[in-house]
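1. just need the structure, nothing else, for what follows:
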Amino acid sequence: MAGKCPFGGDRIGGTLGTPPTLSNWYPNRLKVEQLHSNGPQANPLGDDFDYASAFDGLDYAALKQDIKTFLTSSVAWWPSDYGNYGPQMIRMAWHASGTYRIADGRGGAGEALQRFAPINSWWDNGNTDKSRRLIWPIKQKYGSALSWGDLMVLTGNCALEIMGFPTYGFAGGRHDAWEADTSTYWGPEVWDPTGSPASDSMVTRDKRWRGQNGDADYDLENPLAATHQALIYVNPEGPYGKGDPVGSARDIRIAFTRMAMNDEETVALIAGGHAFGKSHGMVSPGEVGPPPEIAPIEAMGMGWQNPEGTGFAEYTMTNGIEGSWTPNPAQWDNSYLENLFGFEWEQTRSPAGALQWTPVDPTAPRTPDAHVSGRMNPLMMMTSDIALKVDPDYRQVCEKFLGDFDAFTQAFSKAWYKLTHRDMGPRERYLGPEKRNEDGLLWQDPIPPLDHRPIAEGDVAVLKQAIVAKHISRSDLVFTAFSAASTYRDSDKRGGANGGRLALAPQKDWTVNRRTVPVIAALRGVMTDFNAKHAGTTGVSLADLIVLGGCAAIEQAAFAAGVPVTVPFTPGRRDTTQDLTDVEMFTWLKPVVDGFRNYVDDRYEQIAPDVSPEAMFLDKAHLLGLTAPEWVALVGGLRVMGANHDGSAYGRFTDQIDVLSNDFFTVLTSMDFEWKKADDQGMTFTLDDRKSGVTRFQATRCDLVFGANSQLRAVADVYAASDGQARFVRDFVKVWDKVMMLDRYDVRG
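-> Numbering: from 1, shown residues only. Purely as a prediction, here's the structure:
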């Protein structure tokens with residue numbers, strides 16, 4: 001007993017974040033704290049750092065030359081294949097960009113999330129950690145003026161250029177994240193990162209699909225694009241690793257469509273990317289060490305340590321498939337397609353045991369070994385390559401490119417530009433001398449340039465009076481303005497009020513937007529009258545009028561609540577056209593649940609049976625870039641303004657119609673009322689007076705969450721307090737202006 005601490009407590013069982021945590025104890029709780037991820041506290045550059053100015057100050061020509069010099073300067077600790085790091089860097093840029101998915105706009109190279117878990121440790125990203133370490137000297141030289149996101153994509157472009165490929169352009173402007181993404185949903189499968197690259201725990205697809213490949217109802221769960229956990233898009237060995245090219249083509253089409261690519265772009269990307277470099281599969285996957293996130297501390301963040309031979313060069317192990325697609329893997333040419341269609345291919349196995357394909361003809365061209373001088377190896381194709389040959393539609397595109405190499409070159413150039421820039425949003429965010437600004441790229445959601453002088457302060461006052469004279473209710477004006485702006489998503493900077501697309505297909509036809517139709521018609525009349533009186537000088541767009549109408553209504557509602565305010569309004573929005581609107585791509589912005597407008601799709605229980613409306617509400621708040629206090633304030637204002645999609649009374653906890661009061665919060669937090677289910681599913685509720693039993697109000701789950709969730713209720717308490725009214729109006733106006741300005745990169749950079 002000698003030496004024992006008399007007070008005990010001499011055993012430490014855990015530290016900050018050691019499980020169990022809240023997520024272990026209460027796995028279904030609404031994780032509101034995710035709204036504050038990647039916050040300013042994590043950013044070492046500070047809020048006042050102006051990346052655009054820093055990037056514009058770079059010697060861009062010198063930067064590109066530094067990258068190109070590096071690409072052909074091999075280092076001993078990770079030698080380049082064929083004496084050229086180009087193919088390796090193309091893969092790094094592709095895999096950074098290829099996580100993008102159109103369903104929610106998340107993923108892509110924009111924040112350089114390939115540096116962090118879980119993406120940095122996905123099986124499909126094997127050895128990208130080496131690529132980033134190789135370009136660290138360039139990042140170190142240019143410092144904060146060059147983000148990791150921009151460097152990774154630009155390095156991919158430079159790699160293409162030194163191998164003879166004419167790139168379409170490059171735009172900087174990607175802002176790096178500073179912490180791991182803990183909120184993005186990458187799929188329902190439980191991934192065990194300790195498993196070997198060949199194990200089922202590393203590449204799984206058992207929960208994200210409905211049906212089996214080939215079934216009539218075969219479908220990939222939204223919002224996913226990748227066909228497997230831990231992959232960027234598809235398994236190169238085919239679905240279930242069984243080498244089925246027809247099934248592989250099905251998966252490719254689904255995955256690349258979810259990445260916003262059509263058939264021609266898909267073929268161009270696969271055929272173009274596989275014109276370079278090789279795949280690595282020389283070592284048994286069971287021998288390779290763990291990925292970066294769980295590698296030993298002495299590995300300093302580098303994973304997949306390979307004990308075989310030198311562990312690199314001819315012993316490199318990545319995805320397990322071994323070989324190159326072409327005889328000249330460091331030169332842009334059409335030999336990938338020439339080989340694919342010029343020979344018959346048979347299944348074989350790599351040294352690591354992966355399924356791949358080799359030419360049946362023993363006289364087929366061979367490819368030089370990447371490291372052993374004088375050694376020649378058979379060509380290789382993956383099952384996902386053979387898929388392009390057997391699928392009729394993909395084959396037609398391939399045959400077009402076989403007969404017209406210039407068309408192939410242009411298609412790959414444009415598709416690569418789209419792949420690496422799809423998540424960047426409006427062209428106003430683009431930086432650098434190689435950015436492309438033409439209107440021909442429909443995926444950029446183009447808006448024509450301003451062709452008139454924007455309205456001035458005096459015009460704003462006149463237009464407010466003209467809007468009021470139309471006798472549109474405050475509720476309808478607020479609803480319409482919010483409906484226009486709320487399509488924005490910060491993930492890929494798409495949507496928003498600018499462009500006036502609320503008046504165009506598909507948005508004008510969405511059920512959730514029906515209330516906006518007569519309002520837009522009335523506002524068109526205001527626009528026509530004003531522009532006719534000011535022809536050739538000042539003009540106002542429908543997009544500006546939609547937002548201005550909401551601002552005017554809020555000012556009236558705040559005055560009625562006894563808190564006069566001036567709602568900020570920044571003119572200069574432009575109207576786009578139907579021809580410049582990609583209906584299919586904008587359809588992905590249609591909400592299934594929009595808690596801000598108390599909308600739930602009629603098919604909700606079939607579409608999302610395992611996801612609560614309030615969880616999807618949180619997801620939308622995150623896409624709008626809102627903090628928890630902003631989310632609470634915005635909803636409280638929208639509710640008392642009657643901004644439900646159908647004009648219903650749900651959540652309108654007030655007897656003061658169209659008055660910007662804090663009544664939503666005072667009722668929500670009051671113990672004078674009792675909440676009761678109004679349906680068996682617990683989707684709607686009544687609020688009954690505890691004494692009389694009389695029903696006073698109605699609510700949905702997207703109303704009650706602000707009183708049921710402890711973090712949201714803590715904010716609601718502030719606005720419900722005796723001194724909360726003025727604070728609420730101030731905060732609501734502030735977040736309203738934020739939402740209206742989310743897409744205004746033309747004025748906020």
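2. spatially central residue for the chain, please.
-> Arg106 (1.5 Å; Cα atoms, centre = their mean).
3. check contacts around it.
-> Residues near Arg106 by Cβ atoms under 8 Å, 6 or more residues apart in numbering: Thr99, Tyr100, Thr184, Pro223, Ser491, Asp492. For the C-beta atoms, the positions are set from N, CA and C on the backbone; glycine is no exception.
4. now do the SS call for the fourth one.
-> Which is Pro223. Classification of Pro223 by DSSP: H, G, I helix; E, B strand; the rest coil places it in coil.
5. returning to what we had before: which helix or which strand is home to the residue nearest to the centre of the chain?
-> Here Arg106 sits in a region with no helix or strand, counting by DSSP states H and E.
6. what about it, distance to Lys620?
-> 13 Å (Cβ to Cβ, to the nearest Å).
7. again, but for Lys418
-> Taking Cβ to Cβ, one finds Lys418 at 26 Å from Lys620.
8. swap in Gln465?
-> Counting by Cβ to Cβ - Gln465 and Lys620 are separated by 34 Å.
9. comparing these two, which shows the higher neighbour count?
-> Lys620 (19 against 11; other Cβ atoms under 10 Å).
10. ok so the more buried one is a helix residue?
-> Yes: the assignment for Lys620 is a helix, going by three-state DSSP.
11. that one against Val592, yeah?
-> No: assessed by Cβ atoms under 8 Å, Lys620 is found out of contact with Val592, at 9.8 Å.
12. where does this structure dip in pLDDT?
-> Residue ranges of the chain with pLDDT under 70: 1-7, 193-201, 749.
13. what segments of the stretch 351-500 of the chain are helices?
-> Under the criterion DSSP state H, counting those that start in this stretch, the stretch 351-500 of the chain contains helices at 383-390, 392-403, 405-421, 457-468, 474-485.
14. how about the fourth one: buried residues?
-> Buried residues in helix 457-468, counting neighbours by 16 or more other Cβ atoms under 10 Å, are found at Asp459, Val460, Leu463, Lys464, Ala466, Ile467.
15. got the residues you listed as TSV, with distance to Tyr650 columns?
-> Listed next are the buried residues of helix 457-468 as TSV, based on distance: Cβ to Cβ, whole Å:
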residue	distance to Tyr650
Asp459	37
Val460	33
Leu463	32
Lys464	30
Ala466	32
Ile467	27
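16. closest to Ala295 out of the residues you listed?
-> Of all the buried residues of helix 457-468, Ala295 sits closest to Val460, with 58.6 Å by Cβ to Cβ.
17. residues contacting the nearest residue to Arg748 once chain neighbours are set aside?
-> Distances taken as Cβ to Cβ, 6 or more residues apart in numbering put Met741 closest to Arg748, at 6.6 Å, once the chain neighbours are dropped. Met741 makes contact with Thr570, Val747, Arg748, according to Cβ under 8 Å, 6+ apart.
18. which one of those sits closest to Ala497?
-> Thr570 (11.0 Å).
19. the closest one against Arg744, yeah?
-> Yes: under the criterion of Cβ under 8 Å, Thr570 is in contact with Arg744, at a separation of 6.5 Å.
20. which one's more surrounded, those two?
-> Set Thr570 next to Arg744 and count neighbours by other Cβ under 10 Å: Arg744 wins out with 18 against 15.
21. ok, the more buried one to Trp588 distance?
-> From Arg744 to Trp588 the distance is 22 Å (Cβ to Cβ).
22. which is the next helix or strand following the strand or helix carrying Arg253?
-> Applying DSSP H and E as the criterion places Arg253 in helix 245-258. Later in the chain than helix 245-258, the nearest helix or strand by DSSP H and E is helix 263-273.
23. which residues are in contact with the helix or strand following that following helix?
-> Toward the C-terminus, helix 263-273 is succeeded by strand 278-279 as the next helix or strand (DSSP H and E). Residues from elsewhere that reach strand 278-279, judged by Cβ under 8 Å, 6+ apart: 81, 87, 236, 318-319, 321-325, 329, 356, 367, 370, 380, 382.
24. what's the following helix or strand past strand 278-279 packed up against?
-> Next helix or strand after strand 278-279 toward the C-terminus (DSSP H and E): strand 323-324. With contacts taken as 3 or more Cβ pairs under 8 Å, 6 or more residues apart in numbering; DSSP states H and E, strand 323-324 sits against strand 278-279, strand 376-378.
25. which non-adjacent residue is nearest Val567?
-> Using Cβ to Cβ, 6+ apart, the nearest residue to Val567 is Cys551, at 4.1 Å.
26. need the contact list for that neighbour.
-> Contacts of Cys551 (Cβ under 8 Å, 6+ apart): Lys464, Ala481, Val567, Pro568, Phe569, Trp736, Met740.
27. my read is that the last one contacts Ser486, right?
-> No: in this structure, Met740 is not within contact of Ser486 by Cβ under 8 Å, at 9.9 Å.
28. thinking again about what came up before, export the contacts of Arg106 as JSON lines, with columns for distance to Tyr142 and neighbour count.
-> What follows is the contacts of Arg106, written out as JSON lines (distance: Cβ to Cβ, whole Å; neighbours: other Cβ atoms under 10 Å):
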{"residue": "Thr99", "distance to Tyr142": "25", "neighbour count": "24"}
{"residue": "Tyr100", "distance to Tyr142": "25", "neighbour count": "26"}
{"residue": "Thr184", "distance to Tyr142": "28", "neighbour count": "18"}
{"residue": "Pro223", "distance to Tyr142": "35", "neighbour count": "20"}
{"residue": "Ser491", "distance to Tyr142": "27", "neighbour count": "22"}
{"residue": "Asp492", "distance to Tyr142": "26", "neighbour count": "22"}
